[in-house]
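Asker: The following block contains a protein sequence and its predicted model.
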Amino acid sequence: MSKDAHSKPSGDMKRSNKHSKAAVHNPEIQRQRRALPITSGRDAIIEHIRNEDVVVILGETGSGKTTQVPQYILEGGLAGDAGMIAITQPRRVAATSLADRVANEQEVRLGTQVGYSVRFDEKTSRSTRIKFVTDGMIMRELMSDPLLSKYNVVIVDEAHERTIRTDIFIASLKTIQKQRNHPTDEDGGGKSATKGAGIPPLKVIIMSATMDAEKFSKFFDKASIVYVKGRTHPVEIFHTSQHQADYVEAALKTFYQIHTDRPDGDVLIFLPGQEDIESLADTIRSFAKRLPHTAKQVLVCTMFASQPAAQIEKVFKTTPANTRKCILATNIAETSITIPGVVHVIDTGKHKQKRFLAGDTGGGFDTLLTRDISQSSAMQRTGRAGRESKGYCYRLYTEAAFKDMARSLEPEIARVGLASPMLDLLCLDIELEKLELLDRPDESNVVFALKALLFLGAIDAQKRITPLGRKMASFPLEPSHARAILASKDHACTREVLDIISVLSASSKLFMDITEKRDEIAEARAKFKHSSGDHLTILNVVRSYEQLASETDSAKKKWCRKHFLNEKSLAEAMAIREQLRQVCTRCEVYWKVSIGETVDGDPVLRSLAAALILNAAILQPDGTYKQAMGHAKVKIHPGSLLTDKKAPAIIYDELVYTTQIYARGVSSIPKSDLMQMLAGALKPAPQ
Ligand SMILES: Nc1ncnc2c1ncn2[C@@H]1O[C@H](COP(=O)(O)OP(=O)(O)OP(=O)(O)O)[C@@H](O)[C@H]1O
């Protein structure tokens, strides 16, 4: 970093610094900044961005792209005097931790010149110039500001992850650029081209470590590609000599070895999901308890999407003296972030991947499958070591297995359900089918999503969004869940439906399901049980939990443990409910409307059924269930209250695929109601 950049902040920076009295000058951070490999390319990067509308920046993990490029843009005056720079991230933990780091580097208080915006949390102010934002939140911003007029520069980070939102966002950026940068061109967005007149041009930067740079460059009409060489510190990579069938066991053994024989430094272990993380965390904790007091101690931390943010933050805290931190994480720790202290990375080579499983004759559903990662993910995981000093990466697979991995992950748009992104786009008057995308989704997935939106009343037969669809899109929820809330208005039970949907939207399951303890669990939960099934049982749990409002946290936890309920999930659901109540108020849905203390849950089930019409199944003479709107045979999950009940017609929250297709979160509804709904589903949507 040249001195110049520090001694000539833009006028606006000086202004914002006034608000940042809490900021501390930290010479060590400034030294680290100057030592980053990207520093030598600073002037070239600034020149490219100054002269071109789109720049693709490729660099190794840890070279400094994410933290430095937005600062170069600001310091180089490329965002104008007051324009903002948005930098998108696929994950919230990356957005918040990076904003914190960049605020420190800029020596300002987080939320002033540097801020962030993630779902349910925002730290920005009028002086914010650099904003880290999740791709979901920037898509929401598009709804109120379709030309992103407050941003002069948008940086899409980790573009190689190819999340569906990133892909759609990149496509939208291309359209916005035509409108803002060439408002008078014939092809500059057609009729709407003039919309962009008067708004400063938009610069777009696409960044990643290991992506197919040519593809992005071509998409943006041969945009320049800038390569940033080098990484801060080397990482030594080890592969196993043989295939490891039990990756959890192999991770445990590797951790023991590191703790006894390898250099100091914290350990980050990548595992596919929460269950593996929790079971390995328990084992390592009991190993740690048996360590003699004189030995180096072990502090276990976990990191997965459904954890409350405060718990995830613990991962970033400094490790106490004479202790080795062991962090067990899913791929939420894979890209962008720096966890201070991590020297060793253990990579199991597995992750959970959301996949849309198309049925044999039309229908389909999203499910999570444990899969091998790609080479690009393996490189990202390796890159989490060697960020502050030399690092080590222990891959629990052979070198040959690494070579056999796909180069990069299949884009999400090719493998997940599309109803939700299509609805968001329709709010912007954009049809996914007409959008110029990096990769096109499968035609059958598009048709299935359109069918779902039509049945939910979100679009009409001409594929136009309905007023109901617009309201559905205002909720940060799957369209079906939003539909249930809106249907509750007609059945005067919004309070109850919000309770249930909040629990269903929490990232972990409310009901613990331990196969060997199913009888004990059923007994402990008997008092919540509702004969119609799981949804009204959830409602009974929420009602009982609310009665504990004045109790201490530990009393609430004890109560949850006694009933085999997941306290984290209930606490998260209460926070989500608060947000949803606010959205309801904005949409003129009065959330206080309630069925009261009554046990008659019919209005609630009717509201849910309106939303879950595609998730309905009918009992067959042979005792199995068949989807009402598809042809898949489904079984009720053994964890459901209705598992052996043979209800004639059911609705369910989701299908999960293990050895067969199971319906989870199941309630029984009158078959006549279901038939009536199916018959009415193709009639024009209620407005
Ligand atoms: N929170 C932090 N604490 C300590 N050092 C940090 C922190 N954040 C960043 N750094 C330092 O800055 C370096 C560059 O980080 P940056 O996120 O900009 O890299 P990157 O090129 O975007 O890599 P990646 O794509 O892997 O995130 C890190 O390797 C680390 O040395």
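Answerer: Great, that's in hand.

Asker: measure the most centrally placed residue in the chain to D490 for me?
Answerer: By Cα atoms, centre = their mean, the chain has its centre lying nearest to R91, at 5.4 Å. With distances taken as Cβ to Cβ, to the nearest Å, R91 is found 37 Å from D490. To be clear about C-beta, it is placed using only N, CA and C from the backbone, and glycine gets the same treatment.

Asker: before we move on, what about H637?
Answerer: Relative to D490, and taking Cβ to Cβ, H637 is found at 30 Å.

Asker: Compare neighbour counts for these two and give me the winner.
Answerer: Remark: of H637 and D490, H637 carries more neighbours, 21 against 13, as counted by other Cβ atoms under 10 Å.

Asker: just checking, the more buried one touches Y662?
Answerer: Yes - using Cβ atoms under 8 Å, H637 is in contact with Y662, at 4.2 Å.

Asker: overlap in contacts of the two?
Answerer: Residues touching both H637 and Y662 (Cβ atoms under 8 Å, 6 or more residues apart in numbering): V656.

Asker: List, one by one, the residues from the protein near the ligand.
Answerer: The chain has residues 32, 36, 59, 61-68, 101, 209, 232, 336, 338, 340, 383, 387-388 near the ligand, with proximity defined as Cβ under 6 Å from any ligand atom.

Asker: mind listing the helices for the stretch 201-350 of the chain?
Answerer: Here the stretch 201-350 of the chain has its helices, by DSSP state H, counting those that start in this stretch, at 213-219, 247-261, 274-289, 309-313.

Asker: What is the longest one packed up against?
Answerer: Right, the one you point to is helix 274-289. Contacts defined by 3 or more Cβ pairs under 8 Å, 6 or more residues apart in numbering; DSSP states H and E place helix 274-289 against helix 247-261, strand 297-303, strand 323-329.

Asker: Could you single out the most deeply buried of these?
Answerer: Among those, ranked by average contacts under mean count of other Cβ atoms under 10 Å, first place goes to strand 323-329 (a mean of 23).

Asker: Where does N152 fall, secondary structure wise?
Answerer: Here N152, judged by DSSP states H and E, is contained in strand 151-156.

Asker: what packs against the longest helix along the chain?
Answerer: With secondary structure taken from DSSP state H, the chain has its longest helix at helix 567-586. Applying 3+ Cβ pairs under 8 Å, 6+ apart, one finds that helix 567-586 contacts helix 494-505, helix 534-546, helix 553-562.

Asker: Report how many residues lie close to D121.
Answerer: For D121, the count of nearby residues is 12 (other Cβ under 10 Å).

Asker: which residues does the closest residue to the residue nearest to the centre of the chain other than its chain neighbours contact?
Answerer: What sits nearest to R91 in space, not counting adjacent residues and going by Cβ to Cβ, 6 or more residues apart in numbering, is I332, at 5.4 Å. Under the criterion of Cβ under 8 Å, 6+ apart, the neighbours of I332 are 91, 93, 303-305.

Asker: distance of I332 from C587?
Answerer: I332 sits 31 Å away from C587, going by Cβ to Cβ.

Asker: With Q547 instead?
Answerer: Applying Cβ to Cβ to Q547 and C587 gives a distance of 29 Å.

Asker: Which one of those two is surrounded by more residues?
Answerer: When Q547 is set against C587 and neighbours are counted by other Cβ under 10 Å, the residue ahead is C587, at 18 against 9.

Asker: is it true that that one touches M472?
Answerer: No - in this structure, C587 is not within contact of M472 by Cβ under 8 Å, at 9.4 Å.

Asker: Which residues are in contact with each of these two?
Answerer: By the contact definition Cβ under 8 Å, 6+ apart, C587 and M472 are jointly contacted by L486.
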